[in-house]
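# give me coordinates for this.
(one chain, ligands or ions: 1)
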Amino acid sequence: MQDHATLHYDDKSISLPIVTGTEGERGLDISRLRAETGLITLDDGYANTGSCQSSISYIDGERGILRYRGIPIEQLAEHSSFIEAAELLIFGDLPSPEERQIFRDLLTENSSLHRDMRKLFDGFPSVAHPMAMLSAVINALQAYDLPQISIEDEESFRRAAALLMSKIRTIAAASYKAHLGQQFVHPRYDLSYAENLLHMMFTQPYKEYEPTPEAQHALNMFLVLHADHEQNCSTSTVRMVASGGANLYASVSAGVCALWGPKHGGANMAVVGMLEHIRDTGMPVQQYLARAKDKSSGERLMGFGHRVYRNFDPRAKVLKQAADDLLDRMHITDPLLDLARQVEEAALADDYFAERKLYPNVDFYSGIILRALGIPVDMFTVMFAIGRTPGWIAHWKEVTDQAAGRIHRPRQIYVGPELTNWQPKAERRSRFGWFGRRSSGQG
Ligand code: SDX
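Residues are numbered from 1 along each chain as shown. As a prediction, the model looks like this:
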């Protein structure tokens, strides 16, 4: 197999090296392209562009494979706690019992928020979306968590990773309570990570919330399955911000903002909204699919399709079974689960989706699980963010470790106005009619 590719352009030709990854995936190293040919590449949405070499997670989109540090997601979903999976992603291998205890103690010691941070929530109206509070308060952590993180010092980084993992959970629960106008609930030191999150969200002054084993298991699995996913939109955002030398909290706060969109982490909310719309309108499933296939409708089949997977998202398979099991064990029947199954079956039998290799992704069934746990839709993407935090921390460190790493700064092809001179006010055309004329080609 060739270790280079040759590009011929005008009277020039350039030999570009091929980089080969652990699993044999190959990339064209174009780092010398512009210097030697004056050309750059153009790749809408980076669908064909690798931004880095990374050792954190691996996806084979054609075969529906996802591994964290080489371990298949199915094994981690079955055997690992969320924190064990988090330590695997952040530190590179499964923790020993001693390492597990050290990290557990750090999570406990760092689970509360500084008293003054509570004022940050008061600054938001009760209608504020929890994702807005989450990104803002995470960013504020930098002001409360000093001294600066020294990633050369293993203990300093371990503490910062535990602090962020623990506090994002407390901030999320506090965002929920602030949204409801209820008192914040302190973390308990005898509960697991997932149990504590449910406790801080649902305990009331008059009634302690006792997480059931199945609720704890389902939320733990949800978090494991969301913990990392290569260079997705929000993780690439964290890496971009980290490449400028920004601190961990600012970088993860930017990742939270990127995750919010309905094409990305906001899809879990959009899936439930879509299923409720189909249910409430009584619209036949085929009619909704027709709208999702009609580009002019502006609708898509939420929870379906993926930039990388051209097969089933392995997480969707695990979550579909977990949703089934959870509802059975909790003796819940959720008509949306039945409807989700109908939609999935109809879409998989439809040429439009089959031809484009559009399959259920991680978001298609995750909302069913969160609903069964009593988590409101507005908190779905917050749950995704909590799950993705270890991945974001691992990627921040991978960028920050590369001291000689270059700041991420893509090029562009400019298609704006040609050279234009400044005009005195009297000579300028009115902006009011201008845009209409311009967009209808009269400009
Ligand atoms: C996540 O990247 C990650 O790893 C993300 C994630 C993670 O863990 O971080 O996996 C989490 O974000 C999962 C994706 C959640 N989003 C959704 O479920 C929203 C619905 N899906 C789509 O918007 C879409 O599939 C994307 C955004 C997920 C992927 O978009 P791409 O890769 O840019 O694909 P595309 O828009 O170029 O689509 C290719 C074709 C187009 O049709 P044609 O132009 O070829 O005729 O497929 C069509 C699209 O119109 N298409 C869909 C569709 N998804 C793609 N048509 C209807 N419904 C859909 N859901």
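
# what residues does the stretch 151-300 of the chain put near the ligand?
Within the stretch 151-300 of the chain, the positions adjacent to the ligand are 229, 232, 263-264, 267, 292, 300 by Cβ under 6 Å from any ligand atom. Glycine gets a C-beta too; all of them are placed from N, C-alpha and C.

# for the stretch 301-443 of the chain, give me the ranges with low pLDDT.
Within the stretch 301-443 of the chain, the segments meeting pLDDT under 70 span 433-443.

# can we see that at 50?
436, 439-443 (pLDDT under 50).

# looking at it, which residue is nearest the ligand?
Nearest residue of the stretch 301-443 of the chain to the ligand: Gly305, at 2.4 Å (Cβ to the nearest ligand atom).

# host element of Thr381?
Here Thr381, judged by DSSP states H and E, is contained in helix 380-401.

# what's whichever helix or strand Tyr288 is part of packed up against?
Assigned by DSSP H and E, Tyr288 belongs to helix 285-293. The helices and strands touching helix 285-293, judged by 3 or more Cβ pairs under 8 Å, 6 or more residues apart in numbering; DSSP states H and E, are helix 267-281, helix 335-348.

# the inter-axis angle of it versus helix 267-281?
Orientation check (axes from the mean of the first three to the mean of the last three Cα atoms, to 10 degrees): helix 285-293 against helix 267-281 gives 140 degrees.

# let's number from 852 now, not from 1
All right, first residue 852 from here; so that's helix 1136-1144.

# next SSE after helix 1136-1144?
Remark: after helix 1136-1144, the chain's next helix or strand is helix 1165-1180, criterion DSSP H and E.

# can that following helix be said to contact the ligand?
No. Using Cβ under 6 Å from any ligand atom, helix 1165-1180 stays clear of the ligand, with a minimum separation of 7.4 Å.

# tell me which strands and helices that helix is in contact with?
Other helices and strands packing on helix 1165-1180, by 3+ Cβ pairs under 8 Å, 6+ apart, are strand 916-919, helix 924-930, helix 1064-1076, helix 1186-1199, helix 1213-1223.

# regarding this structure, what is its longest strand?
strand 863-871 (DSSP state E).

# okay, now the sheet partners of the helix or strand just after that one, with direction.
Moving toward the C-terminus from strand 863-871, the next helix or strand (DSSP H and E) is strand 877-879. Using DSSP bridges, strand 877-879 pairs in its sheet with strand 863-871 (antiparallel).

# for the stretch 852-1001 of the chain, which residues are neighbours of the ligand?
So the stretch 852-1001 of the chain meets the ligand at Gly896 (Cβ under 6 Å from any ligand atom).

# residue in the stretch 852-1001 of the chain nearest to the ligand?
Closest point on the stretch 852-1001 of the chain to the ligand, by Cβ to the nearest ligand atom, is Gly896, at 5.5 Å.

# re earlier: tabulate the helices and strands packed on helix 1136-1144 (a markdown table), appending mean neighbour count and distance to Gly915.
Shown next, in a markdown table, are these (neighbours: other Cβ atoms under 10 Å; distance: least, Cβ to Cβ, whole Å):
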| stretch | mean neighbour count | distance to Gly915 |
| --- | --- | --- |
| helix 1118-1132 | 19 | 18 |
| helix 1186-1199 | 18 | 14 |
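
# any chance of JSON lines for these, columns distance to Met1234?
Shown next, in JSON lines, are the helices and strands packed on helix 1136-1144 (distance: least, Cβ to Cβ, whole Å):
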{"stretch": "helix 1118-1132", "distance to Met1234": "8"}
{"stretch": "helix 1186-1199", "distance to Met1234": "17"}
